[in-house]
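**Q** Next one to model:
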Amino acid sequence: MADSSLSAPSQSLSGSHTPAGPPGTKEPLDLPEHFEDVIEDLHVLRLPMVTRFRGITEREVALFSGPAGWAEFSPFTEYGTEEASRWLHAALECAGLLPGDRAGQPSASAAADAEPRTVAVNATLPACPPDEVEPVLARYGHVGTVKAKVAEHGLDSLDEDIERLREFRRLFPRTDLRLDANAGYSLDDGLRVCERFADFDLQYFEQPVPGVEDMARLREELVGRDLPIVLAADESIRKAEDPLRVAALGAAEVIIVKVQPLGGIAAARAVIDACGLPAVVSSALESSVGLAAGARLAAQLPRTVRSRALLGENPACGLGTVRLFATDVVADTAGMRPVDGAVPVTRIVPDPDRLQSLAVDPGRYDWWAQRLQQCWSRLRSGGRAD
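**A** Next up, the predicted model:
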């Protein structure tokens, strides 16, 4: 198990950093007025899931290609244009369609040198009855780390969460365990559940409470009570105007970074470097196309004394979530499906037959095309109102 010793939260960072705002929404991008002038092969697909996850049973994703290859644009449907624009910025970067330098894109020789590199991944255990724990995790094969979702209904889910975790520990007593609450608890409830979850020997607890300030307060309480819970920040990184406040306030010991929500590989790397905290790359519930970008970022993660102490020599990233889909954009034996606890660092080309068989109906396609255009216009204007 990773070392879960606590250190006191730091209240300041040495040096100064410029807050990392939403990439691509501050300075206008030199793009034509309509995305169709650049993106000629937009495909919108519906991917059925094997179990309910994050409140959904299907995932819609938009795919297109560019000079650097295929890319994914898949902000969740409830996200507004400002937030979704970061996801489009990431997709344009991945496809090599950003004007000027293609930030985050490795050279052809570098890409060749990287193959056949892999990165370790964790399995993901959704909120499910205890008797589904074993079959759900069996889809991942052998993995050394599992991330379990908790707080689907906040504190009301606690008893169900405890039962599921007890069953998990019965089945996998030596597997590293992470929890993810998606900011589902209040500060008071967060402390209460940490006292209950501490018995399960956690590697870390991801975003139990919303807001950087509440995360910092919770960490202070955990240190004061000598509870061996390491906090990891997710929403406080990807949804914050200034993701560096996590490090500045000592709100977490680990940060979770996701390529699309942060605006691309280059933007995510900048956050990692500026925060100076151990990082784990995670999925935004993407198809294999989107997960491939995450794997490229994961292969670049710095290894430090602290990251090794908390996460081990090869930190498991949350990039095995294609196992949550009943079908993917490539054949079942290809893509980003974990094998022996790892996924490849590679480019993904979707199967043409699946681009057709998984296509949404015309009404949903039009909805996504309109949404993409709204985000496109925002990137063109630097976030200014038209």
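**Q** is it true that E132 touches V50?
**A** No - with contacts counted by C-beta atoms under 8 Å, E132 stays clear of V50, the gap being 10.3 Å. Where C-beta positions appear, they are placed from N, C-alpha and C, glycine not excepted.
**Q** What about the closest residue to E163 other than its chain neighbours, how many residues nearby?
**A** Spatial nearest neighbour of E163, chain neighbours left out: P130 (5.2 Å); criterion: C-beta to C-beta, 6 or more residues apart in numbering. Neighbourhood size, P130 [other C-beta atoms under 10 Å]: 15.
**Q** quick one, what contacts P130?
**A** P130 makes contact with E163, R164, R166, E167, according to C-beta atoms under 8 Å, 6 or more residues apart in numbering.
**Q** same deal with I348?
**A** Neighbouring residues of I348 by C-beta under 8 Å, 6+ apart: W70, S288, V289, L291, A292, V329, V330, G335, M336.
**Q** Please enumerate the strands of the chain.
**A** 43-53, 56-66, 69-73, 118-120, 123-125, 145-149, 176-180, 202-206, 231-233, 254-257, 279-281, 342-344 (DSSP state E).
**Q** Pull up the pairing partners for the third one, direction included.
**A** The strands that strand 69-73 pairs with in its sheet are strand 56-66 (antiparallel) (by DSSP bridges).
**Q** Give the buried residues for the partner strand.
**A** By neighbour count on 16 or more other C-beta atoms under 10 Å, the buried set for strand 56-66 is R59, E60, V61, A62, L63, F64, S65, G66.
**Q** Need these in JSON lines (columns: distance to W368 and pLDDT).
**A** Shown next, in JSON lines, are the buried residues of strand 56-66 (distance: C-beta to C-beta, whole Å; pLDDT from 0 to 100):
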{"residue": "R59", "distance to W368": "13", "pLDDT": "97"}
{"residue": "E60", "distance to W368": "7", "pLDDT": "98"}
{"residue": "V61", "distance to W368": "9", "pLDDT": "98"}
{"residue": "A62", "distance to W368": "5", "pLDDT": "98"}
{"residue": "L63", "distance to W368": "11", "pLDDT": "98"}
{"residue": "F64", "distance to W368": "11", "pLDDT": "98"}
{"residue": "S65", "distance to W368": "16", "pLDDT": "98"}
{"residue": "G66", "distance to W368": "18", "pLDDT": "98"}
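**Q** Those residues into a markdown table, with extra columns for distance to L158?
**A** A markdown table is the format used below for the buried residues of strand 56-66 (distance: C-beta to C-beta, whole Å):
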| residue | distance to L158 |
| --- | --- |
| R59 | 27 |
| E60 | 32 |
| V61 | 33 |
| A62 | 37 |
| L63 | 39 |
| F64 | 42 |
| S65 | 45 |
| G66 | 46 |
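**Q** nearest spatial neighbour of A326, skipping sequence neighbours?
**A** Here the residue nearest A326, using C-beta to C-beta, 6+ apart, is P48, at 4.4 Å.
**Q** Surely V257 and A268 touch.
**A** Yes - contact criterion C-beta under 8 Å: V257 and A268 qualify, at 4.7 Å.
**Q** what touches both of those two?
**A** By C-beta under 8 Å, 6+ apart, V257 and A268 have these common neighbours: V281, L297.
**Q** Quick check on these two: which one has the bigger neighbour count.
**A** Of the pair V257 and A268, A268 is the one with more neighbours under other C-beta under 10 Å, namely 30 against 27.
**Q** A274 versus that one, what's the distance?
**A** A268 sits 11 Å away from A274, going by C-beta to C-beta, to the nearest Å.
**Q** what domains does the record give for the protein?
**A** Annotated domains of the chain cover 35-100+353-381, 114-350 [automatic domain parsing].
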